[in-house]
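Asker: model this:
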Amino acid sequence: MNDTNRREFLKTSVKGAAVLGVGLSSLSFLTTAQAAADKADVSMPGDKKPVTNEELFRMGVIGPAELSLVTSQLALEKATDKDVKEFAGFEHTEAIAVTSVLKQLGTAVPAPDAKAKATLEKLQAAGKGAEFDKAYIMAQYENHVFLRDHAEDYLKRAEGGKDGAAELQGQHLATLALATFKEHVAITKRISGELKA
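Answerer: Residues are numbered from 1 along each chain as shown. Okay, here's the model as predicted:
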């Protein structure tokens with residue numbers, strides 16, 4: 001293949017990938033609009049409902065991810081324990097990535113529920129130091145337990161992308177996220193135990 005043919009192939013491939021990407025994003029946006037119309041079906045922390053499709057998976061993740069973003073930003077300012085500060089830095093970066101991807105997929109951000117508001121208020125009121133460190137790590141532990149269970153529930157019900165490209169994309173996201181959710185449950189549990197010692 002000469003250089004001209006390679007350039008044409010790459011140009012055509014990039015255009016095709018862009019069109020496919022826009023098509024998937026549009027499909028994802030339409031399904032999100034439908035789910036937003038029926039928020040009663042969305043599983044939220046403290047509210048266990050079956051996660052039957054990718055749109056419900058995404059909608060159940062974005063609220064806790066937004067809370068994690070805000071509380072981790074607070075932790076970067078108020079945490080004093082070195083492990084808590086380190087975790088907050090990783091979590092902040094992760095939350096930025098997760099919320100960015102979910103928003104690009106057209107996922108609507110729900111208003112914070114009562115538990116999220118209470119968590120944020122508690123962390124805002126906590127003084128800098130041990131009180132804040134303990135409250136932040138416990139909030140992150142609870143958040144990640146929910147996210148882990150949410151992803152596992154969705155993947156348990158998923159059928160290998162049989163319902164189309166958007167569903168397969170959701171299953172891929174859930175599979176990747178689940179590893180991190182499990183890891184963060186273990187890390188926050190360990191740090192919480194060390195803070196109590």
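Asker: What is the subsequent helix or strand relative to the host helix or strand of residue 75?
Answerer: Here residue 75, judged by DSSP states H and E, is contained in helix 54-78. Using DSSP H and E, the helix or strand that follows helix 54-78 in sequence is helix 82-104.
Asker: From the structure, what's the count of residues near residue 79?
Answerer: Neighbour count for residue 79, taken as other Cβ atoms under 10 Å: 23. (C-beta placed from N, C-alpha, C; glycine too.)
Asker: any idea how far the closest residue to it other than its chain neighbours lies from residue 150?
Answerer: Spatial nearest neighbour of residue 79, chain neighbours left out: residue 85 (4.6 Å); criterion: Cβ to Cβ, 6 or more residues apart in numbering. Residue 85 sits 27 Å away from residue 150, taking Cβ to Cβ, to the nearest Å as the criterion.
Asker: which of those two has more neighbours?
Answerer: Each of residue 85 and residue 150 has its neighbours counted (other Cβ under 10 Å); residue 150 has more, 25 against 15.
Asker: contacting residues around the more buried one?
Answerer: 43, 51, 57, 60-61 (Cβ atoms under 8 Å, 6 or more residues apart in numbering).
Asker: Let me have those in TSV, extended by pLDDT, neighbour count and distance to residue 137.
Answerer: Formatted as TSV, these follow (pLDDT from 0 to 100; neighbours: other Cβ atoms under 10 Å; distance: Cβ to Cβ, whole Å):
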residue	pLDDT	neighbour count	distance to residue 137
43	46	21	24
51	88	28	26
57	94	29	26
60	95	28	22
61	96	26	20
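Asker: about what we covered before: report all helices and strands that the helix holding residue 75 contacts.
Answerer: Using 3 or more Cβ pairs under 8 Å, 6 or more residues apart in numbering; DSSP states H and E, the elements in contact with helix 54-78 are helix 3-37, helix 82-104, helix 114-125, helix 130-157, helix 165-196.
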